[in-house]
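1. Structure for the following, please:
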Amino acid sequence: MSTFVQRRPGLWPTLAAVVVIVATLALGRWQVHRAAEKVALQAALEARRQLPPVDLTALAVARVDSVQAAGLRFRPAVAVGRYVASGQIFIDNRDHDGTPGFHVLTPLLFEAGILEAGQLQAGSPGARVVLVNRGFVARDRRYPQAPEVPVPEGIQHVSGQLALADSRYVELSAQVVSGSVWQNLQLSRYAEVSHLNPLPLVLLAAPASAGLLAVDEHPDTNVDMHRGYAFQWFSLAATTFGLYLYFAFFRKARPLP
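-> Just a heads-up that it's a prediction; the model follows:
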């Protein structure tokens, strides 16, 4: 017959258990704190979507740095100007409901008459533009070449939502541009190739241009990820405590002969 007998815990197992439990509880609490921060950030980003539209004409005559651009992400915005067909590019390997295709980015040149004195005239090298993501287009039989997407002429009034322009992808090869087809958008490279001066923001057109599907971007601060990590750390702390109680205070006695 087997019985459980109580025994005194050893010093080193006790210290090890305490260290693990304290560390995992601290990490769990830190993840809970991070989740609360992300909830607040998510609410702030969602609130931006309800703010009045930003007039990009004003930004065209100002120096907007990366910090200011990040503060405008998800804001509604409007812009007036003319599309520059020669500057249109296609960002490859994009997806829409499982269909591979391109994002169509076309520079919108602000009219010289609405720029402040001293700015470059429309059509000049280095003229100020905003890249407009006019929408998604699926690949066709010409792939890897881009499909034909016409560019509207004349004055355009474009509205939509602002997104950050610079790519956060890591490019392992220099062969990331093939004519008008790009793997990722990099503003410094685009400015060099197009001889235009783009804002550090992209305007996601809403509605999309004719024949294209609208591209939208929603705030996602990964709140659930932090909650999941907190649960894992707290579970590890509880498991360590339970195992310590079992092995430190109880043992299964050998059965009597």
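2. Spell out the residue ranges of the helices in this structure.
-> Under the criterion DSSP state H, the chain contains helices at 11-48, 56-60, 66-72, 187-194, 223-249.
3. Just name the most buried of these.
-> helix 56-60 (a mean of 20; mean count of other Cβ atoms under 10 Å). Bear in mind the C-beta positions are built from the backbone N, C-alpha and C, glycine included.
4. Can you tell me which helices and strands that one packs against?
-> Helices and strands touching helix 56-60, by 3 or more Cβ pairs under 8 Å, 6 or more residues apart in numbering; DSSP states H and E, are strand 76-83, strand 99-110, strand 128-138, strand 197-205.
5. The same query, at a cut-off of 10 Å, please.
-> Helix 56-60 sits against helix 66-72, strand 76-83, strand 99-110, strand 128-138, strand 155-164, strand 197-205, with contacts defined as 3 or more Cβ pairs under 10 Å, 6 or more residues apart in numbering; DSSP states H and E.
6. Quick one: these as TSV, columns for mean pLDDT too.
-> Converted to TSV, the helices and strands packed on helix 56-60 look like this (pLDDT from 0 to 100):
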stretch	mean pLDDT
helix 66-72	85
strand 76-83	94
strand 99-110	94
strand 128-138	94
strand 155-164	94
strand 197-205	93
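7. how about those, which one is nearest residue 183?
-> Residue 183 sits nearest to strand 99-110 of all those, at 10.8 Å, using Cβ to Cβ.
8. pull the CA atoms of the closest one into CSV?
-> Presented in CSV, the C-alpha positions along strand 99-110 are these (Å, rounded to 0.1, in the frame of the first residue of the first chain):
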residue,chain,number,x,y,z
THR,A,99,-6.3,37.3,-54.7
PRO,A,100,-2.7,38.4,-55.4
GLY,A,101,-2.2,41.6,-57.1
PHE,A,102,-0.8,45.2,-56.9
HIS,A,103,-1.4,48.4,-55.0
VAL,A,104,-1.5,51.2,-57.5
LEU,A,105,0.3,54.3,-56.3
THR,A,106,0.1,57.5,-58.3
PRO,A,107,1.7,60.9,-57.3
LEU,A,108,-0.8,63.8,-57.0
LEU,A,109,1.0,67.0,-57.9
PHE,A,110,-0.3,70.0,-55.9
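9. next one: that strand to chain centre, how far?
-> Relative to its parent chain, strand 99-110 has a centroid offset of 18 Å by Cα atoms, centre = their mean, to the nearest Å.
10. who wins for proximity to residue 50 among the helices and strands packed on helix 56-60?
-> Nearest to residue 50, of all those, is strand 76-83, at 8.4 Å by Cβ to Cβ.
11. Mind putting the helices and strands packed on helix 56-60 into TSV with distance to residue 46?
-> Formatted as TSV, the helices and strands packed on helix 56-60 follow (distance: least, Cβ to Cβ, whole Å):
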stretch	distance to residue 46
helix 66-72	15
strand 76-83	13
strand 99-110	23
strand 128-138	21
strand 155-164	12
strand 197-205	16
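12. where are the low-confidence patches of this structure?
-> The model of the chain has pLDDT under 70 over residues 1-9, 61, 112-126, 166-178, 250-257.
13. Identify the structural domains in it and state their residue ranges.
-> 8-44+222-251, 53-113+127-141+154-166+174-205 (automatic domain parsing).
14. re earlier: how about the helices and strands packed on helix 56-60, which one is nearest residue 218?
-> strand 155-164 (9.6 Å).
15. and the closest one, which strands flank it?
-> Strand pairing for strand 155-164, using DSSP bridges, gives strand 76-83 (antiparallel), strand 197-205 (antiparallel).
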